[in-house]
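J.: My questions concern the predicted model and sequence given below.
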Number of protein chains: 2
Amino acid sequence: MSADKVADLPTPALIVDAEALDYNIGVMAAALPGDRLRPHVKAHKCTSLARRQAAAGHHRFTCATIRECEGMVAAGLGQDLMLANEVLDAARLGALVAGGARITLAVDSAETIDAAVRGGVREVIIDVNVGLPRCGCPPDAAGQLAELARGRGLAVRGVMGYEGHVMITEDPAERASQCSTAMELLVAAAGDVGGELISAGGTGTYDCNTWATEIQAGSYALMDALYNRQGHPFRQAAFVLADVVSSAADWSVANAGLKAFGMDHGNPELPGFDVWFCSDEHTSFSPPVSVGDRVRLVPAHIDPTVAYHERMYLYSGEDVIDIWPVDLRWW
Amino acid sequence: MSADKVADLPTPALIVDAEALDYNIGVMAAALPGDRLRPHVKAHKCTSLARRQAAAGHHRFTCATIRECEGMVAAGLGQDLMLANEVLDAARLGALVAGGARITLAVDSAETIDAAVRGGVREVIIDVNVGLPRCGCPPDAAGQLAELARGRGLAVRGVMGYEGHVMITEDPAERASQCSTAMELLVAAAGDVGGELISAGGTGTYDCNTWATEIQAGSYALMDALYNRQGHPFRQAAFVLADVVSSAADWSVANAGLKAFGMDHGNPELPGFDVWFCSDEHTSFSPPVSVGDRVRLVPAHIDPTVAYHERMYLYSGEDVIDIWPVDLRWW
């Protein structure tokens, strides 16, 4: 499927504004240059986009899945990947290490340390729970786990702790205060663990998390409706282009729905309009416009939105300038 | 990736209980034999599964996207496909028709009739709004649109009207009453339009919609948490298999999250446990279990769940007996 103009793209289509993307990458690289940022690829699942982040000076990346690690290595971006997630079977990661990639795996239990050893992974990071009820060991157990890992022959690069419960706080001062509370726990654990890395953070705390040695932000590149409300200096770069296929007296219907948008943060937004609801392949909104009009919907949550799409179309003005496969999907 | 045992599958994995699937297909085929059911492929996006439905006697199918039509034709299941959705560019559908497939396209406006003509589609169905604020013309405009379509050389096969607003009503009597109200509108429009088909319904109304000549149900084959609450005689056949990768004092974390589940109907369910929340690659739940345990999560909404997966694993007991590509994804 080739289309040189945005107006000719088949819909629905995930489109990315090249200028906004470059702007976002530039703003972040200025704030957190080089290894101060470890971009999280889960937010875009796209090695072409990761290459832009590498060109801006970031050569260490964060991944959420084994397949993301494999894809990044295949793309030549495997100099220093952190899988910021626990796994029980690390054999595929061990194969990447054996092939020359550098993989650092999160561990938070004796079982996951054992999986790292069995799988042939050589470097780990102790995942510490800093308040989000998800993965990570209790902060006061981190030192002991590091000792266990080193005793099994693993190198321990430090600690990570994701303050995910802080990311959705809209008020910046409150967000910074919550971040401080979370990072006190992580810094204390880092003292017990040793190593070079204190890895944490995301787009929501990139500017206030001054404790981490590296920030794992990902959403800043494409952005979404939730992060837009937090007042960050990033521009919305990703949209779902849709055609208005039906109009009634009080509403219109665009041809992008539940299979084009991650819905956990609610409906996508259509600036200037009121979004009513999404169905599998539709979004109803008001006031109505003409059948044949094209709309650009803003995803509420970028990560699970991207995961629905086969490719993203990079555009500049009216022109499609590149087609990027979303090549890091699945597991 | 090969695995003969469910226990050896990489996770997360969309797994389908072969016995439950066959049971569901059998129950539906007994209730709505042959052409009384026009199975909707949007709920499974899988031609291998559609073939099972065809083997049960259903040779007419409903599609939601052009790509679903293309995939069904490629699989040899294009005898009578209805695209129950409006499109503005029907060229790819016209190509299928020129190749010998039978495609009936929903239209609800002069613009979509024009698109059908320009694209080379020869048969249409008048889409009538029966209460859901989405596509479909006002009921009293259906006759006029049919006249317009016939004037443009199109064959009009009848009317369709999706009572989607009725599907989520849990009480059966209330659902039947709402269905009756919606179908009165459709039957009146059918009188104005003519043609053989009154196409409507879904899993939620398959047993009470006695007005439609054919029912467009899809979810019944795999089922989900919402439809399970409605008391239908179908069994849960689809699960997302996940590993417990982390456990704390009060909760555990399974490695399947927002990129493995459609979230518009809320969190997936884990029978016997309390699901707290999903993150991109995680579901937190309580009470905690052991790291290394495997869990089978029930999707809240099957359609957008399937759309996240590359394949589904058909299993019987402990054995994986087939791997079915989710080959009807995208657009």
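T.: Perfect, thanks for sending it. Numbering: from 1, shown residues only, chains lettered A, B, ... in the order given.
J.: who's in contact with A:Y313?
T.: When contacts are counted by C-beta atoms under 8 Å, 6 or more residues apart in numbering or on different chains, A:Y313 touches A:A3, A:V6, A:L9, A:A13, A:L14, A:I15, A:V16, A:V320, A:D322, A:I323, A:W324. Quick note: C-beta positions are derived from backbone N, CA and C, even for glycine.
J.: So how do I select the buried members of those residues in PyMOL?
T.: Selection of the buried residues among the contacts of A:Y313 in PyMOL, burial being defined by 16 or more other C-beta atoms under 10 Å in any protein chain shown:
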select buried, chain A and resi 6+9+13+14+15+16+320+323+324
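J.: Could I get the contacts of A:Y313 in JSON lines, plus columns for secondary structure and pLDDT?
T.: Shown next, in JSON lines, are the contacts of A:Y313 (DSSP: H, G, I helix; E, B strand; the rest coil; pLDDT from 0 to 100):
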{"residue": "A:A3", "secondary structure": "coil", "pLDDT": "65"}
{"residue": "A:V6", "secondary structure": "helix", "pLDDT": "98"}
{"residue": "A:L9", "secondary structure": "coil", "pLDDT": "97"}
{"residue": "A:A13", "secondary structure": "strand", "pLDDT": "98"}
{"residue": "A:L14", "secondary structure": "strand", "pLDDT": "98"}
{"residue": "A:I15", "secondary structure": "strand", "pLDDT": "98"}
{"residue": "A:V16", "secondary structure": "strand", "pLDDT": "98"}
{"residue": "A:V320", "secondary structure": "strand", "pLDDT": "98"}
{"residue": "A:D322", "secondary structure": "strand", "pLDDT": "98"}
{"residue": "A:I323", "secondary structure": "strand", "pLDDT": "98"}
{"residue": "A:W324", "secondary structure": "strand", "pLDDT": "98"}
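J.: and the contacts of A:Y313 as a markdown table, adding distance to chain B?
T.: Compiled in a markdown table, the contacts of A:Y313 are given as follows (distance: C-beta to the nearest C-beta, whole Å):
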| residue | distance to chain B |
| --- | --- |
| A:A3 | 11 |
| A:V6 | 15 |
| A:L9 | 11 |
| A:A13 | 8 |
| A:L14 | 11 |
| A:I15 | 14 |
| A:V16 | 17 |
| A:V320 | 16 |
| A:D322 | 19 |
| A:I323 | 14 |
| A:W324 | 15 |
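J.: how about low-confidence regions in chain A?
T.: Chain A contains residues with pLDDT under 70 at A:1-3.
J.: quick one: the helices in chain A?
T.: Along chain A, counting by DSSP state H, helices occupy A:18-31, A:47-55, A:66-74, A:91-98, A:110-119, A:142-151, A:164-167, A:172-193, A:225-228, A:302-306.
J.: Out of those, which one sits most buried?
T.: helix A:302-306 (a mean of 27; mean count of other C-beta atoms under 10 Å in any protein chain shown).
J.: any residues touching that helix, and which ones?
T.: A:14, A:42-46, A:218-219, A:222-224, A:227, A:238, A:240, A:260-264, A:299, A:312, A:326, B:258-259, B:263, B:280.
J.: could you list every residue that touches A:A256?
T.: A:T11, A:P12, A:V240, A:L241, A:A242, A:P268, A:E281, A:H282, A:T283, A:L297.
J.: Please disregard the earlier target; I meant A:L226.
T.: A:I168, A:H265, A:A300, A:H301.
J.: Could you check stretch A:152-161 and say which residues are buried?
T.: If you call a residue buried by 16+ other C-beta under 10 Å, then stretch A:152-161 has these buried ones: A:L154, A:V156, A:R157, A:G158, A:V159, A:M160, A:G161.
J.: just stretch A:238-255 next, same as before
T.: If you call a residue buried by 16+ other C-beta under 10 Å, then stretch A:238-255 has these buried ones: A:238-248, A:251-255.
J.: ok, and which of the residues you listed reach chain B?
T.: A:D243, A:V245, A:S246, A:S247, A:A248, A:W251, A:V253, A:N255 (C-beta under 8 Å from any C-beta of the partner chain).
J.: got those residues as CSV, with distance to A:A142 columns?
T.: Shown next, in CSV, are these (distance: C-beta to C-beta, whole Å):
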residue, distance to A:A142
A:D243, 52
A:V245, 54
A:S246, 56
A:S247, 58
A:A248, 58
A:W251, 53
A:V253, 52
A:N255, 50
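J.: residue farthest from the centroid of chain A?
T.: If you look at how far each residue of chain A sits from its centre, by C-alpha atoms, centre = their mean, the farthest one is A:A249, at 39.7 Å.
J.: Alongside chain B, which residues does the stretch 151-300 of chain A contribute?
T.: Residues of the stretch 151-300 of chain A lying close to chain B by C-beta under 8 Å from any C-beta are A:164, A:243, A:245-248, A:250-251, A:253, A:255, A:258-259, A:262-264, A:276, A:278-282, A:284, A:291-292.
J.: show me what contacts A:R36?
T.: Counting by C-beta under 8 Å, 6+ apart, the residues that A:R36 touches are A:T213, A:E214, A:I215.
J.: Filter those down to just the ones in strands.
T.: Among the contacts of A:R36, the members found in strands (DSSP state E) are A:E214, A:I215.
J.: Tell me the one of the contacts of A:R36 nearest chain B?
T.: For the contacts of A:R36, the closest approach to chain B (C-beta to the nearest C-beta) belongs to A:I215, at 17.1 Å.
J.: what's the spacing between stretch A:36-55 and its chain's center?
T.: Put simply, stretch A:36-55 sits 9 Å off its chain's centre (C-alpha atoms, centre = their mean, to the nearest Å).
J.: Can you give me the end-to-end span of that stretch?
T.: With C-alpha to C-alpha, to the nearest Å as the measure, the ends of stretch A:36-55 fall 15 Å from one another.
J.: Likewise for stretch A:74-93?
T.: Stretch A:74-93 end-to-end distance (C-alpha to C-alpha) = 13 Å.
J.: Ok, stretch A:212-221 next?
T.: Using C-alpha to C-alpha, the end-to-end distance of stretch A:212-221 comes to 20 Å.
J.: which residues touch the residue most central in space within chain A?
T.: Among the residues of chain A, the one closest to the centroid is A:A43, at 2.5 Å (C-alpha atoms, centre = their mean). Applying C-beta under 8 Å, 6+ apart, one finds that A:A43 lies in contact with A:G218, A:S219, A:A221, A:L222, A:I302, A:D303, A:V306.
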